[in-house]
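> sequence-free structure coming up:
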């Protein structure tokens with residue numbers, strides 16, 4: 001029943017846009033970039049943890065446009081752009097050219113040895129003002145991770161610093177971003193409203209978490225702004241490992257005290 005409402009609303013759009021344009025591969029990891037440039041799969045040892053990412057933008061407080069359409073643009077008008085792709089086995093770049101802005105998305109995948117719960121995806125997004133006027137631009141990013149290919153058993157936290165963590169009992173993804181965001185929201189089960197981000201995590205405990213991040217940029221004529229993100233997957237320690245580690249640290253402390261007493 002996952003995202004059934006969105007599925008029914010976006011079925012025709014998905015049929016037209018869900019075909020995979022590129023598959024990146026490195027060691028234990030693969031990633032799929034859809035034919036609209038959005039990231040829609042990140043599989044580690046054959047298990048997918050990425051449902052979708054989408055970018056949106058707004059110029060001078062006007063209409064919010066979706067840059068990506070796949071799987072869903074959540075009712076926002078899709079920007080009219082032409083797209084060009086370039087790629088190698090572990091790298092992809094997608095350039096969007098419109099009448100006021102040129103955007104570029106790049107992805108770099110680094111896997112690990114087969115069987116390891118470890119992988120890394122670097123993402124960069126840049127936006128260039130191609131007009132001869134200053135533009136105030138807000139860029140939005142929507143992220144929907146489903147760790148270990150399950151939708152409703154994840155936890156999420158923000159910070160410290162410029163990072164977001166999402167994890168289940170098997171794996172954790174830490175996403176570090178720069179520059180800092182202007183606004184954000186993390187929801188369980190419901191996509192955050194782009195126009196009303198409240199800088200909060202609105203759900204506690206296990207849920208199907210979705211993030212919305214926003215950056216505000218003032219771009220002079222011909223200028224470019226850029227954001228960078230790193231998604232790093234690592235295993236979640238077994239509870240027994242944490243207990244043993246704690247016991248070991250206590251033992252070291254006891255041993256140190258005994259040496260000091262001698």
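Sure, I can see it. In this text the structure is predicted, and so the values were computed from the model without any measurement.
> quick one, what contacts the residue nearest to residue 147 when sequence neighbours are not counted?
Among residues not flanking residue 147 along the chain, residue 168 sits closest, at 4.4 Å (CB to CB, 6 or more residues apart in numbering). (Each C-beta comes from the backbone N, C-alpha and C, glycine too.) Residues in contact with residue 168 (CB atoms under 8 Å, 6 or more residues apart in numbering) are 147, 148, 150, 153, 154, 155, 236.
> go with 6 Å
Residue 168 makes contact with 147, 148, 153, 154 under the criterion CB atoms under 6 Å, 6 or more residues apart in numbering.
> Quickly note the distance from the last one to residue 206.
By that I understand residue 154. As judged by CB to CB, to the nearest Å, residue 154 and residue 206 stand 7 Å apart.
> what about those two, which has more around it?
Using other CB atoms under 10 Å as the criterion, residue 154 and residue 206 rank with residue 154 on top: 24 against 15.
> So residue 195 belongs to a helix, correct?
Yes - inclusion of residue 195 in a helix is indicated when DSSP: H, G, I helix; E, B strand; the rest coil is applied.
> ok, and the closest non-adjacent residue to it?
Closest to residue 195 by CB to CB, 6+ apart is residue 64, at 7.2 Å.
> list the helices and strands the helix or strand that contains residue 230 packs on?
Using DSSP states H and E, residue 230 sits in strand 224-235. If you count contacts as 3 or more CB pairs under 6 Å, 6 or more residues apart in numbering; DSSP states H and E, strand 224-235 packs onto strand 119-129, strand 171-178.
> Report the buried residues of whichever helix or strand comes after the longest one.
Stepping forward along the backbone from strand 119-129, the first helix or strand reached (DSSP H and E) is strand 135-145. Under the neighbour-count criterion of 16 or more other CB atoms under 10 Å, strand 135-145 has 135, 137, 138, 139, 140, 141, 142, 143, 144, 145 buried.
> Check stretch 160-179 too.
Neighbour-count burial for stretch 160-179 [16+ other CB under 10 Å]: 163, 164, 166, 167, 168, 171, 172, 173, 174, 175, 177.
> quick one: the last one from residue 208, how far?
Right, the one you point to is residue 177. 21 Å.
> quick one, helices of the stretch 1-150 of the chain?
Taking DSSP state H, counting those that start in this stretch, the helices of the stretch 1-150 of the chain run over residues 4-17.
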